[in-house]
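Engineer: next input, structure requested:
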Amino acid sequence: MWLKILFFSLILTLLISCNNIINNQQISEKKVPNSEKLLQTVNQFVDLEGRPVTISDYKGKRVLLNFWATWCRPCIEEMPSLLRAQEILKKEGYIFLLASDQSVKVIKAFKAKKGFDFTFIKYNGSWAQQEIDALPTTFIYNKAGEKVEKIVGEVVWDSPEVLQRLKDTH
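Structural biologist: Here you go, the predicted model:
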């Protein structure tokens with residue numbers, strides 16, 4: 001009996017923690033109206049030193065804002081391809097920001113342990129404010145500061161199809 005309970009608890013945990021895992025062929029596209037501008041709420045984000053970060057500071061650049069968590073396996077599994085994509089898209093004017101609602105201490109420990117060279121930021125809002133139902137969730141902003149795409153789930157960011165799609169974002 002306890003084995004059944006353990007099994008169902010494990011399945012339930014996996015389903016809740018990071019649902020909607022997708023690969024780059026199944027990217028969930030949700031085009032966002034151009035009127036939706038960069039997140040500009042003061043102190044909604046802070047860097048790992050506690051200084052406020054305003055996403056609109058990056059206006060004129062394209063921004064890939066990835067919401068993730070240290071406990072989210074698909075979030076971590078996509079990070080190596082996200083890191084490669086960051087390097088490839090640097091010359092395209094992309095800024096990659098990885099936002100977590102976990103404490104700065106937890107984010108710093110994760111960064112030190114895993115060694116990923118990203119700009120990690122802490123998100124002080126709620127997932128509901130951003131209409132985030134699953135992690136990872138990524139928002140793409142164009143150079144005008146408009147949110148043009150929302151991608152839900154794990155993505156192979158350095159695949160030719162995804163890279164081209166990001167390069168074509170205006």
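
Engineer: let me see the contact set for the residue positioned nearest the centre of the chain.
Structural biologist: Central residue of the chain (Cα atoms, centre = their mean): residue 66, 1.4 Å from the mean position. With contact set as Cβ atoms under 8 Å, 6 or more residues apart in numbering, residue 66 has these partners: 75, 82, 96, 97, 98, 99, 136, 137, 138. Where C-beta positions appear, they are placed from N, C-alpha and C, glycine not excepted.

Engineer: let's go with 6 Å and repeat that
Structural biologist: Counting by Cβ atoms under 6 Å, 6 or more residues apart in numbering, residue 66 touches 98, 136, 138.

Engineer: in strands only, show me the residues you listed.
Structural biologist: When the contacts of residue 66 are checked against strands (DSSP state E), the matches are 98, 138.

Engineer: can you select the buried ones among the contacts of residue 66 for me in PyMOL?
Structural biologist: In PyMOL syntax, the buried subset of the contacts of residue 66 is picked out as below (16 or more other Cβ atoms under 10 Å):
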select buried, resi 98+136+138
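
Engineer: in TSV: the contacts of residue 66, plus distance to residue 108.
Structural biologist: Putting these into TSV (distance: Cβ to Cβ, whole Å) gives the following:
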residue	distance to residue 108
98	13
136	19
138	22
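
Engineer: need the contacts of residue 66 in TSV (columns: pLDDT and distance to residue 126).
Structural biologist: Formatted as TSV, the contacts of residue 66 follow (pLDDT from 0 to 100; distance: Cβ to Cβ, whole Å):
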residue	pLDDT	distance to residue 126
98	98	18
136	98	17
138	98	18
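
Engineer: ok, the contacts of residue 66 vs residue 161, which is closest?
Structural biologist: Among the contacts of residue 66, residue 138 lies closest to residue 161 (Cβ to Cβ), at 15.2 Å.

Engineer: how close does residue 140 get to residue 146?
Structural biologist: 10 Å (Cβ to Cβ, to the nearest Å).

Engineer: which pLDDT value belongs to the residue nearest to the centre of the chain?
Structural biologist: On pLDDT, residue 66 comes in at 98.

Engineer: need the next SSE after the host helix or strand of it, C-terminal direction.
Structural biologist: Here residue 66, judged by DSSP states H and E, is contained in strand 62-67. As assigned by DSSP H and E, the chain's next helix or strand after strand 62-67 is helix 73-89.
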